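Novice: After the sequence you'll find the predicted model.
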Amino acid sequence: MTKEAENNEGKIRLITTDDGSHSLYVPALNETYHSFHGAVQESRHVFIEMGLKYRINQGLKSAHIFEVGLGTGLNALLTAEFAFKYQIQIRFTSIEAFPVGYELVEQLNYASYLEAPEAKSWFETIHKSTWNEDVIINPFFTLHKVQAKLEEYQAPQNTFDIVFFDAFAPNKQAELWDLKILSDIAQSMHPEGIFVTYCAKGQLKRDLQSLNLKVETLAGPPGKKEMVRATKS
């Protein structure tokens, strides 16, 4: 079922996914920000369980994460929750070319899926915080939002422990999955750093392998067969 957050045809609309959590639908791309099978369960599986938690279980004591696509702020919120719960220092750099308007943000129900009573406040701060500055969301989570197109961003080299690659699908925005961009991101990762994404296209896996990353095809979240994790040697 889709709940329209805007009445004008062509505007981004609020939708409810199968796990009850919200996402956004973009008519211009005929695309949603998350899986319609469940926004929260997809983000938790792909980025938290298979990404952040996996890396922490390997012995990483703190993490610098680079996220491609701040979007609704769901990944940032779940990461802030993880950092607070396990008292792990996390720096979270997120790039977004087209920020979601706050009139839509304030309708999203993600805070109700978190245990922490501070979740609603964290979520508001994530979206209201100043761009291009470090902002402390909680004592263990620092956010740095970058408002820019990924194609124009100069990623620092050997910096990130984990990459959350959450761009729109390759058949919607192919330019964001270009080999040159993937190469720049690979160079921005620390050795043993990981790249995680919901996408499991063959071309993506071949491109990542060509960059000397070890590519794993993993079970996807409910409703999606596969996802990808790649590790830098």
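Specialist: Looks like it came in fine. In this text, all values refer to a predicted model and were calculated from it rather than measured experimentally.
Novice: CA atoms for contacts and neighbours, from now on please.
Specialist: Fine.
Novice: Count residues in the vicinity of Ile56, would you?
Specialist: 14 (other Cα atoms under 10 Å).
Novice: which residues are in contact with whatever helix or strand it lives in?
Specialist: Element membership of Ile56, judged by DSSP states H and E, is helix 54-57. Contacts to helix 54-57, defined as Cα atoms under 8 Å, 6 or more residues apart in numbering, come from residues 48, 62, 162, 194.
Novice: which one among the residues you listed gets closest to Ser188?
Specialist: Using Cα to Cα, Ile162 is the member of the contacts of helix 54-57 that lies nearest Ser188, at 9.9 Å.
Novice: What is the burial count for the closest one?
Specialist: 26.
Novice: Enumerate every residue touching it.
Specialist: 51-52, 55, 63-66, 189, 193-196.
Novice: Then Glu96?
Specialist: Going by Cα under 8 Å, 6+ apart, the list of residues near Glu96 reads 68-71, 145-150.
Novice: Quick check: of these, which lies closest to Gly38?
Specialist: Nearest to Gly38 among the contacts of Glu96: Gly71, at 15.7 Å, using Cα to Cα.
Novice: Longest strand in this protein, please.
Specialist: strand 189-197 (DSSP state E).
Novice: Show me which positions of that one end up buried.
Specialist: Burial within strand 189-197, assessed by neighbour count using 16 or more other Cα atoms under 10 Å, is assigned to 189-190, 192-197.
Novice: distance between the longest helix anywhere in the chain and the chain's centre?
Specialist: Looking across the chain with DSSP state H, the single longest helix is helix 74-86. In terms of Cα atoms, centre = their mean, to the nearest Å, the centre of helix 74-86 is found 12 Å from the chain centre.
Novice: before we move on, the earlier item: which of the contacts of helix 54-57 fall in strands?
Specialist: 162, 194.
Novice: Would you mind putting the contacts of helix 54-57 into CSV with pLDDT and distance to Thr130 alongside?
Specialist: Formatted as CSV, those follow (pLDDT from 0 to 100; distance: Cα to Cα, whole Å):
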residue, pLDDT, distance to Thr130
Ile48, 98, 25
Ser62, 98, 24
Ile162, 98, 23
Ile194, 98, 28
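Novice: Dump the contacts of helix 54-57 to CSV, plus distance to Glu31.
Specialist: Output for the contacts of helix 54-57, formatted as CSV (distance: Cα to Cα, whole Å):
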residue, distance to Glu31
Ile48, 23
Ser62, 34
Ile162, 25
Ile194, 26
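Novice: Specify which member of the contacts of helix 54-57 is nearest to Lys225.
Specialist: Ile48 (17.6 Å).
Novice: ok, that closest one - how many residues close by?
Specialist: Neighbours of Ile48 (other Cα under 10 Å): 20.
Novice: What distance do you get for it to Val135?
Specialist: Going from Ile48 to Val135 by Cα to Cα, to the nearest Å gives 21 Å.
Novice: What of Ile181?
Specialist: Computed with Cα to Cα, the distance linking Ile181 and Val135 is 27 Å.
Novice: Also Val40?
Specialist: From Val40 to Val135 the distance is 24 Å (Cα to Cα).
Novice: Ok, Lys120 next?
Specialist: Counting by Cα to Cα, the gap from Lys120 to Val135 is 16 Å.
Novice: Poorly predicted segments of this protein, please.
Specialist: 1-10 (pLDDT under 70).
Novice: and stretch 93-102, how far out from the chain's middle?
Specialist: Mean-position distance between stretch 93-102 and its chain equals 11 Å (Cα atoms, centre = their mean).
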